[in-house]
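**Q** predicted model and sequence follow; I will ask about them next.
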Amino acid sequence: MKNHPLFVIFLLTIVCNIQAQISLFDNTIIHEIKISSTDSNLWQNLTDDYNNGIASDNIPYRSVTIEIDGFIMSSVGIRQKGVSSNTTVSTTKKPLKLNFGKFVDGQKYDGVKKINLGNGVGDPAIIKDKLAYNMLRYHGIPSPRVSHAKVYIQGQYWGTYALIEQIDKRYLKRNFATDNGNLWKNKGNNDLSWQGTDINNYPFELQTNEEENNWSKFIEFVNVINNSSDADFKNDLENVFHVDEYLRILAIDLLINNSDSYLERGRNWYLYHEPKSNKIHWLPWDYNLTFNRGEDGDNDFDILNSENEKILIDRVLAVPEWKGKYLNYMCEILQINMIRERLDPELDALLDLIDDDWGSTNNFFTVTDIDNAINGNTWTDNTFQEKTYQGLKKFITDRAEVVQTNITAQNHTCNPIIQSINVKDVVINEFMTSNDDGSQWVDQDNENEDWIELYNNTNFDINLTNYFLSNDNSFLHKWEFPENTIIQANSYLIIWPDKDVHQVGLHPQFKLDKDEGKLFLTHLDGSLIDAVEWDTEIAKNTSMSRFPNGTGDFQNIAVTFNAENSTLLSIKDSFTKLPFKIFPNPAKIN
């Protein structure tokens with residue numbers, strides 16, 4: 001089946017309208033951030049604070065007034081940040097961090113306490129973080145959101161920056177079943193080799209639950225990586241670590257030559273122990289130095305990272321099952337994720353969007369640099385490494401060819417991804433956002449939880465491998481159906497969005513909002529199979545149902561859990577305010 005251009009335009013319009021509700025990370029516009037202070041020496045003081053505090057990793061914040069897209073906030077913390085992205089810059093366009101709640105307890109902007117302002121070192125179009133995080137989310141990995149802003153300090157234009165979401169408790173709450181686990185940030189160069197049980201031997205910082213200061217899960221993780229026997233390693237690591245997520249991250253990192261990471265320099269990641277699953281997640285971070293490749297392929301990573309001794313990678317890829325799965329993920333990424341057909345429109349749109357004053361003396365790249373970094377054969381990085389690299393589009397083409405050859409050399413065959421089903425083959429058929437204790441609708445643990453009912457409109461069973469449910473339009477591949485989940489012909493399937501990821505069955509890491517919300521059913525290839533949005537409160541123990549069953553609009557009818565929607569309560573009770581959107585297959589969302 002082929003995309004119809006009008007359908008795609010319609011879909012993108014709808015998605016942009018949805019995204020406009022998330023103002024800080026609305027990436028359809030260039031935001032405007034104005035920073036002001038009564039301190040006439042603000043910038044010099046920020047620079048002195050950085051120079052005096054960077055060695056001890058103790059850079060203080062200063063209080064300023066911030067105006068974001070016309071919205072004014074006072075007593076916001078600001079400081080310079082970064083290492084090479086700061087020290088290698090010859091202009092005043094330094095990377096910054098804003099902390100909305102530093103001086104006013106609980107103060108946030110759009111639910112965010114901190115944001116990072118990336119200045120584009122090693123990244124002329126200030127696009128690499130966004131592109132990499134987009135690829136990670138496309139393959140089901142939680143990743144920071146990114147948008148762009150023109151920044152002004154004391155009335156003077158400072159340049160265009162990338163706004164990058166901070167990994168903190170608010171980020172954890174948005175992406176995981178719980179946000180009360182331990183979050184560690186790697187703050188040095190570390191290969192995760194065993195350094196004993198003394199936490200001071202590891203360059204990590206505990207960033208949540210600091211008072212408890214419990215490092216037992218971290219030490220257990222590193223101990224398993226290093227000291228578990230070959231016979232026990234697979235089982236031991238699966239018990240403490242989300243291995244499948246890491247295989248996807250590893251595949252993308254190697255594909256995009258992420259040298260400033262665990263692969264080579266042992267930098268730039270977080271670890272999060274999520275209490276319900278009782279496992280550690282690997283959280284990727286800082287991608288401005290990715291997608292670098294010389295004209296002759298120098299800077300390329302071997303797909304097994306064999307040139308760098310990293311204990312976690314070496315041991316994981318020594319397990320035949322995991323190596324095969326890792327290579328399968330590489331195949332998937334090369335088929336549907338890191339492809340010009342998908343990424344070129346995003347690159348072109350972002351380049352058009354970032355309307356910077358590139359001729360400003362505060363910038364360290366020229367207009368020619370910007371265009372060559374995207375569309376050219378080569379560009380020269382004069383900010384950090386003084387090297388010449390391929391343009392992004394050429395990188396995508398050439399790197400993919402090399403990696404595909406390397407996969408074949410591993411005697412691994414890439415199988416094509418099964419095409420997604422047609423729109424309305426499977427639909428979101430009924431859902432309940434507030435299921436009170438004592439109701440008759442309970443999960444396998446006899447708990448009253450929100451639920452979603454899917455219906456298979458076809459006369460054949462459908463395998464939901466590579467299908468996703470999400471409540472977040474910025475992360476459509478948020479929860480993946482377990483492999484070989486089957487919805488039988490002309491039958492129903494119940495999903496419990498209750499964040500109980502530790503329970504048996506289908507339990508996504510998100511919940512439904514009874515006041516307003518969204519649901520998306522998508523395929524790995526980007527096809528949007530079904531979607532629904534509501535902006536009016538749904539009463540307790542009331543479901544919204546398609547009527548007629550499987551094909552109609554959403555109505556307020558008698559609850560028919562796991563059964564045909566058949567009885568309209570009344571015309572008055574019809575939920576006419578519920579905007580429901582369905583998009584023709586195979587519409588795509590990048």
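**A** Alright, I've got the coordinates. Note that the coordinates shown come from a computational prediction; the quantities given were computed from them, not determined experimentally. Residues are numbered from 1 along each chain as shown.

**Q** so for the top helix by length along the chain, what gets flagged as buried?
**A** In the chain, taking DSSP state H as the definition, the longest helix is helix 392-409. By neighbour count on 16 or more other C-beta atoms under 10 Å, the buried set for helix 392-409 is 392-396, 399-400, 403-404, 406-407. Where you see a C-beta, it was placed from the backbone N, CA and C, and this is true even at glycine.

**Q** try stretch 284-299
**A** Here stretch 284-299 shows 284-293, 299 as buried, counting by 16+ other C-beta under 10 Å.

**Q** how about the strands in the stretch 351-500 of the chain?
**A** 378-381, 387-390, 426-432, 451-456, 462-463, 467-470, 479-480, 486-487, 492-495 (DSSP state E, counting those that start in this stretch).

**Q** what pairs with the first one, parallel or antiparallel?
**A** Applying DSSP bridges, strand 378-381 is found paired with strand 387-390 (antiparallel).

**Q** may I have the strand it pairs with exported as CSV, CA atoms only?
**A** Output of strand 387-390 as CSV, limited to C-alpha atoms (Å, rounded to 0.1, in the frame of the first residue of the first chain):
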residue,chain,number,x,y,z
LYS,A,387,38.2,17.2,11.8
THR,A,388,36.3,16.9,8.6
TYR,A,389,33.2,14.8,8.6
GLN,A,390,30.5,13.7,6.2
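
**Q** coming back round to it: relative to L131, which of the strands of the stretch 351-500 of the chain is closest?
**A** Nearest of the strands of the stretch 351-500 of the chain to L131, taken as C-beta to C-beta: strand 387-390 at 14.3 Å.

**Q** what's the domain layout of this protein?
**A** Domain ranges of the chain: 21-169, 175-353+369-409, 419-590, per automatic domain parsing.

**Q** mind putting the buried residues of stretch 284-299 into JSON lines with distance to Q444 and secondary structure?
**A** Formatted as JSON lines, the buried residues of stretch 284-299 follow (distance: C-beta to C-beta, whole Å; DSSP: H, G, I helix; E, B strand; the rest coil):
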{"residue": "P284", "distance to Q444": "33", "secondary structure": "strand"}
{"residue": "W285", "distance to Q444": "36", "secondary structure": "coil"}
{"residue": "D286", "distance to Q444": "41", "secondary structure": "coil"}
{"residue": "Y287", "distance to Q444": "40", "secondary structure": "coil"}
{"residue": "N288", "distance to Q444": "45", "secondary structure": "coil"}
{"residue": "L289", "distance to Q444": "46", "secondary structure": "coil"}
{"residue": "T290", "distance to Q444": "42", "secondary structure": "coil"}
{"residue": "F291", "distance to Q444": "45", "secondary structure": "coil"}
{"residue": "N292", "distance to Q444": "49", "secondary structure": "coil"}
{"residue": "R293", "distance to Q444": "49", "secondary structure": "coil"}
{"residue": "N299", "distance to Q444": "50", "secondary structure": "coil"}
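
**Q** where does the protein have low pLDDT?
**A** Along the chain, the parts satisfying pLDDT under 70 run over 1-22, 355, 568-590.

**Q** relative to V243, how far out is the most centrally placed residue in it?
**A** Geometric centre of the chain, nearest residue: S143, 2.5 Å, by C-alpha atoms, centre = their mean. Distance of S143 to V243, computed by C-beta to C-beta, to the nearest Å: 18 Å.

**Q** again, but for L392
**A** From L392 to V243 the distance is 30 Å (C-beta to C-beta).

**Q** do a quick rundown of the helices in the stretch 301-450 of the chain.
**A** With helices called from DSSP state H, counting those that start in this stretch, the stretch 301-450 of the chain shows them at 311-317, 320-332, 340-353, 367-375, 392-409.

**Q** and G120, which of those is closest to it?
**A** helix 367-375 (9.5 Å).

**Q** remind me what the closest one packs against, helices and strands.
**A** Counting by 3 or more C-beta pairs under 8 Å, 6 or more residues apart in numbering; DSSP states H and E, the packing neighbours recorded for helix 367-375 are helix 340-353, strand 378-381, helix 392-409.

**Q** hmm, 10 Å instead?
**A** helix 340-353, strand 378-381, strand 387-390, helix 392-409 (3 or more C-beta pairs under 10 Å, 6 or more residues apart in numbering; DSSP states H and E).

**Q** now the strands of the stretch 351-500 of the chain in CSV, with distance to D344?
**A** Shown next, in CSV, are the strands of the stretch 351-500 of the chain (distance: least, C-beta to C-beta, whole Å):
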stretch, distance to D344
strand 378-381, 17
strand 387-390, 15
strand 426-432, 30
strand 451-456, 34
strand 462-463, 31
strand 467-470, 24
strand 479-480, 26
strand 486-487, 35
strand 492-495, 35
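
**Q** so how far is stretch 475-493 from its chain's centroid?
**A** 21 Å (C-alpha atoms, centre = their mean, to the nearest Å).

**Q** for the closest residue to W441 other than its chain neighbours, give me its contacts.
**A** Once flanking residues are discounted, W441 sits nearest to F561: 5.1 Å by C-beta to C-beta, 6 or more residues apart in numbering. Listed by C-beta atoms under 10 Å, 6 or more residues apart in numbering, the contact set of F561 reads 430, 432, 435, 439-442, 451, 453, 492, 494, 543, 545.

**Q** only alpha carbons, please: show the helix or strand M135 falls within as CSV.
**A** Here M135 sits within helix 128-138, counting by DSSP states H and E. Coordinates of each C-alpha in helix 128-138 appear next as CSV, following Å, rounded to 0.1, in the frame of the first residue of the first chain:
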residue,chain,number,x,y,z
LYS,A,128,22.0,15.9,16.5
ASP,A,129,20.5,15.5,20.0
LYS,A,130,17.0,15.8,18.6
LEU,A,131,17.8,13.3,15.8
ALA,A,132,19.3,10.7,18.0
TYR,A,133,16.6,10.9,20.7
ASN,A,134,14.0,10.7,18.0
MET,A,135,15.6,7.5,16.7
LEU,A,136,15.8,6.0,20.3
ARG,A,137,12.1,6.8,20.9
TYR,A,138,11.2,5.3,17.6
